[in-house]
Structure formats: C-alpha cells, structure tokens
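Engineer: take this sequence and fold it.
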Amino acid sequence: MRKMVELTIPREYKDEPIFYQMITGFKVIPTIIEASFSSDTGWAYVKLEGEEEELDRLIDFLKSKNIIVDLRA
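Structural biologist: Numbering: from 1, shown residues only. Here you go, the predicted model:
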C-alpha cells in the first residue's frame, strides 16, 4: 500500500532523527518528495509504502509527537 502525506514538524523536533525512526522502527519505506526546514518548523511531502497496519501505526506514532499528518491523494 502507498500513502502520500504532508508532515508539518514542530520546532522541538528539528534536531530529532524523525526519518531515521520511521525507517528503523517501522516496516515502512519513506521517500521524501519535497521538504523545507527552518529554525521554527519544517514540512515534508513524503510517499510512504508498506502494509496498511504498519502505515497506520507509523501515522499514530507521528501524531503522538504532535507532528501534523495530512493525507494526500
């Protein structure tokens, strides 16, 4: 399964390896399509591939960190 998401990452996570955690903690393949980061916030347009249950688990993890997850078509 594939999901396209836009992530808005709060300032407090700018130095945290979020994408590393996505790769090592979940059976998901993230592909960064486009991203921009500043000292205040960051966003990334990402293609996520994996089993539906694992994608849902990852999205729940991201939301638990107050990362805004906007599902795209």
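Engineer: would you list the phi and psi of the residue lying closest to Y13 once chain neighbours are set aside?
Structural biologist: Closest residue to Y13 apart from its sequence neighbours, by CB to CB, 6 or more residues apart in numbering: K65 at 6.4 Å. C-betas here are computed from N, CA, C, even on glycine. Torsion angles at K65 (phi, psi; degrees, to the nearest 10) stand at phi -100, psi 10.
Engineer: do you know the pLDDT at K65?
Structural biologist: Here the pLDDT value assigned to K65 is 94.
Engineer: what separation do you get for it and E16?
Structural biologist: Counting by CB to CB, to the nearest Å, the separation of K65 from E16 is 8 Å.
Engineer: contacting residues for T31?
Structural biologist: By CB atoms under 8 Å, 6 or more residues apart in numbering, T31 lies in contact with V46, K47, L48, E49.
Engineer: surely L7 touches T41?
Structural biologist: No: the criterion here is CB atoms under 8 Å, and L7 misses it with T41 at 10.6 Å.
Engineer: neighbour-wise, which of these two wins?
Structural biologist: L7 (22 against 14; other CB atoms under 10 Å).
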